[in-house]
Each structure stands twice: as structure tokens, then as C-alpha cells.
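Participant: everything below, folded, please.
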Amino acid sequence: MEASPKAGGPRTARAGRAIASLRGSPGFRLLWVSNLFFYGGAWTQTMVLGWLVFDTTDSEFLLAVFTAVRLAPMLLGPFAGVLSDRYDRVRLLMIACLWALCAVVVVAVMASAGQVSYGALVAGGLAIGLAQSPSQPARGSLVLDLVGRENLSNANALNALAMNMTQVVGPAIGGAMISAFGAPAALWISTTWYAVSLLALWPLRGTGQAGRGRPEPVLGMLVSGFRTVLTSRLTAAVLFVTLAANVLLWPVYQGFMPVFAKDALGLDAAGLGWLLTCSGLGGLVGSLVIAMLGDFTFKGGLFVLGTAAWGALWSLFALSRSVPLSFALMACIGLMSASFGVLQTTLLLMTTAPEVRGRALGLQELAIGVMPVASLGLGAAAELVGVQATAFLSGLLLVVVLLTLAARVPQLVRYSGVDVP
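Facilitator: Predicted structure coming up:
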């Protein structure tokens, strides 16, 4: 009778540590639920719209153009960071949810009416991107507002967990709905997800206020944000990793997965959904592991070396022609992507001063915002040498870049997050 508590004690402690932020902060619980449904809508749309574009045009380059337009609002990151440091962050997120809800309803109505041309899909992607990307600095800053520095790594891991949970469910549902009922049904599902996300934010009104002091000119706030990065070698290195990953690999995932599924592996829409689901499952496990680690001391090393391993796995995936092997590799890719996805925001917030963290995340969004331009370049390369060769070389180059960075900025590899910037 006494052995059970002892046996279950460590497991219970690990489980409690994994959800520490959810248990300790009611506000973060609501934000987490909102993120869960917001990301669910985004993943479903990314899959469904990408499939519609490639199915309509059968062109890798036009798919890359769509991806570029869809992601172009990321270039507004610095201005979004200023808004995050200046205004109520919860209100900004609520506006983003409402805009996304309206945008996807318009696209779904057009799809249901059979009037979605390539131009309409591009316009719809832009509208959805305008809802998603500029809200990210407020979303990330609000996490630190709600949980504090000690639980930041855990909270970001739980947010990544939410993203990967929806990456598992969203594409699978989207692919199945396309096969069974057509693309409009999958788009309508994502409208309900945005509605739930908005409702979850409602009780948080007034808890994410920022910029209560004397208002600073927008240009001055932008300059101070850039200065924060330029005067911190660690912050600049973290942003450089974000930049490299979004130039070399994320455009492949965001833009070319329909090509891998349809041309290289012979999969239909449902197969593409399950391929993306494997990545989501891997990311789910990786995020859970990081959440269970709590406030661990090797954050920088896991960030750099884990991202390098992620690039190496992408190169292997590009060479695969076997469906089972590709599914397994995609799961491993998702697993290692957690080290990048969780820790880039955690390390950025930990290496910048509190009063400019919204702008720091805005600069991160700008670094992510190079993806549309990179998508065009990789799309042109794919037209010349093929998607598989392009993805292989991109993954290999990311490995080389990260190993070089580790040698040049060893303090990032050794960074624990314990010291205050």
C-alpha cells in the first residue's frame, strides 16, 4: 500500500513540472486555450489553401508566390512590437482573432460558391496573414506578463505544445475533409476555431496593458528596439539563428509539402494531412520534453545544436522516396523542431530588457518575415533543380551555418538563462 505513492511520486512530480505554468496562472490557462484554437485555424488553413493553390496551378513557383504573400505581413514585425509595448496586449489579440474570423469566412464563402481563383486564394492568404503575424509580439510578451521569468521556458514549451497539437489535428482533419467533402468544409472548420479563441481571451481584458508611461514616438521606439539587439551579442546571435532557419528551411515546410506529398511520394490530400500530422506528433513530444525540463540550464546548447540536427533531418527527408521512411523522418523533424520553436522566443525574452521585449519580439517577427522572399528564391531554385535537391542543400547549409555560429559565439551554446540581461 505504501509502495504506490513512492512509485508514483516522481511521475507525479514530473507531470506537475510539465504543466507548472498552466497550474500556477489562471490567466495563462485562458491564453493557452486561445492559442490552441488560434493555431488550429492557422494550420488547417495553411494546409487547405496550399493544396488548393497547387491543385489549381500545378506550379511550384506559383505556390511559392502564394506562400510569400501569405507570410508577407511578418515584415510588419517591428511595428507590431511597438504596438505590443504601447497598448493593451489582450485587446490586440482580440482584434487579431476577429479579423481572422472575418477573413476566413470570406474565403470559405467564395470556396463554397466555387469562385476561388488563384488571385482570390492569394488575397485570402494575405488577409489571414494580416491577422496572424502582427499579433505574435503581443502574444509572446503576454506570456511573460502572466507567468514570470522562472516559468517562461515551461510556458513557451506549453504554447509550442498547443501549436503542435493543432498541427496534429488540423492537417489531418483538413485532409480528411477535402477528401470527403471538399476544401470549403475544411475552411469552415477553422472559422469556428477562431471564434473559440476569441471567447477564451474575453476574461483577460485589461490584464495585458503596456506603455503606461509617457508615450514615446514610434520611430524612437523602433530605434531603441534595434539598439537593444545591436548592443547584445547573445540577442543578435539568437535572431541570427531565427533568420537562418527562416531563409533556409521554413519556406520548404510552408510552401513545398504539397509537392513532396503529390510528386515525390504519390500521396493525396489525406496523405499530405497525415504527413504533416507526423511532424506535429514529433513536435508535440519535443515540446512536452522541454516543458518537463522546467528552468533547465542548457537552453543555448539545445537551441543551437538541436536546430542543426533539425536541418540534417530535413536533408535526409529530401532524399527519401519511401513513404514509411518519410513519415518517420517527418516525425523526427517535428521532434527536433521543438528545440528551435520553443527556445528562440525564450532566449530572446531572457536576453533583452523587460521594457523593450515587445519590440525584440517584433524584430524576431521581422527575421521570420524574410520567409516570403526566401520562398520566392527557393521556389525559383525548385523550378530549376527540383524541390528535393533544393531542400537537401538548404538543410545541409543550415547545419554548416549553425556549427560556424557555435564556434564564433560559444557563449550562446553555454547560455543557461539564469543570468539577468
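
Participant: buried set for the host helix or strand of Val304?
Facilitator: Using DSSP states H and E, Val304 falls within helix 299-319. Buried positions in helix 299-319, judged by neighbour count with 16 or more other C-beta atoms under 10 Å: 299-315, 317-318. The C-beta positions use only the backbone N, C-alpha and C, and glycine is treated the same way.

Participant: cool, stretch 354-371 as well?
Facilitator: Neighbour-count burial for stretch 354-371 [16+ other C-beta under 10 Å]: 356-371.

Participant: take these and keep only those in helices.
Facilitator: Those of the buried residues of stretch 354-371 mapping onto helices are 357-368, 371, per DSSP state H.

Participant: would you convert these into TSV that also reports pLDDT and distance to Thr57?
Facilitator: Output for these, formatted as TSV (pLDDT from 0 to 100; distance: C-beta to C-beta, whole Å):
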residue	pLDDT	distance to Thr57
Arg357	75	41
Gly358	77	38
Arg359	79	38
Ala360	80	38
Leu361	81	34
Gly362	82	33
Leu363	83	34
Gln364	83	32
Glu365	80	29
Leu366	81	29
Ala367	83	29
Ile368	79	25
Met371	77	20
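
Participant: between these, which is closest to Leu405?
Facilitator: Comparing these against Leu405 with C-beta to C-beta places Ala367 closest, at 14.1 Å.

Participant: show me the contacts for the closest one.
Facilitator: By C-beta atoms under 8 Å, 6 or more residues apart in numbering, Ala367 lies in contact with Gly77, Leu239, Thr242, Leu243, Asn246.

Participant: so which of those residues belong to helices?
Facilitator: Gly77, Leu239, Thr242, Leu243, Asn246.

Participant: now do the same for Asp295: helix, strand or coil?
Facilitator: Three-state assignment for Asp295 (DSSP: H, G, I helix; E, B strand; the rest coil): coil.

Participant: longest helix anywhere in this protein?
Facilitator: helix 26-57.

Participant: give the buried residues for that helix.
Facilitator: Buried residues in helix 26-57 (16+ other C-beta under 10 Å): 27-54.

Participant: again, but for stretch 266-274
Facilitator: Leu267, Ala269, Ala270, Gly271, Leu272, Gly273, Trp274.

Participant: run through who's touching that stretch.
Facilitator: 47, 51, 171-176, 178-179, 257-258, 261-262, 265, 275, 323, 327.

Participant: just the buried residues of the residues you listed.
Facilitator: 47, 51, 171-176, 178, 257-258, 261-262, 265, 275, 327.

Participant: so of the residues you listed, which ones are in strands?
Facilitator: Among the buried ones among the contacts of stretch 266-274, the subset assigned to strands under DSSP state E is empty.

Participant: what's the farthest-apart pair in the residues you listed?
Facilitator: Ile173 and Leu265 (20.5 Å).

Participant: what segments of the stretch 101-250 of the chain are helices?
Facilitator: With DSSP state H, counting those that start in this stretch as the criterion, the stretch 101-250 of the chain has helices at 118-132, 136-147, 152-180, 183-201, 218-230, 233-248, 250-259.

Participant: adding mean pLDDT, write those helices out as a markdown table.
Facilitator: Converted to a markdown table, those look like this (pLDDT from 0 to 100):
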| stretch | mean pLDDT |
| --- | --- |
| helix 118-132 | 80 |
| helix 136-147 | 81 |
| helix 152-180 | 73 |
| helix 183-201 | 83 |
| helix 218-230 | 71 |
| helix 233-248 | 90 |
| helix 250-259 | 80 |
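
Participant: for Leu398, find the nearest of those helices.
Facilitator: helix 233-248 (4.6 Å).

Participant: go through the closest one and flag the buried ones.
Facilitator: Quick answer for helix 233-248 (16+ other C-beta under 10 Å): 234-248.

Participant: same for that helix, what does it pack against?
Facilitator: helix 218-230, helix 299-319, helix 323-350, helix 357-368, helix 371-385, helix 387-408, helix 410-414 (3 or more C-beta pairs under 8 Å, 6 or more residues apart in numbering; DSSP states H and E).

Participant: I'd say Glu53 and Ala120 touch.
Facilitator: Careful, residue 53 is Val and not Glu. No. Taking C-beta atoms under 8 Å as the definition, Val53 is not a contact partner of Ala120, at 10.6 Å.

Participant: distance check, the residue nearest to the spatial centre of the chain against Thr56.
Facilitator: Centroid-nearest residue in the chain, with C-alpha atoms, centre = their mean: Gly341, separated by 6.5 Å. Plainly put, Gly341 is 30 Å away from Thr56 if you go by C-beta to C-beta, to the nearest Å.
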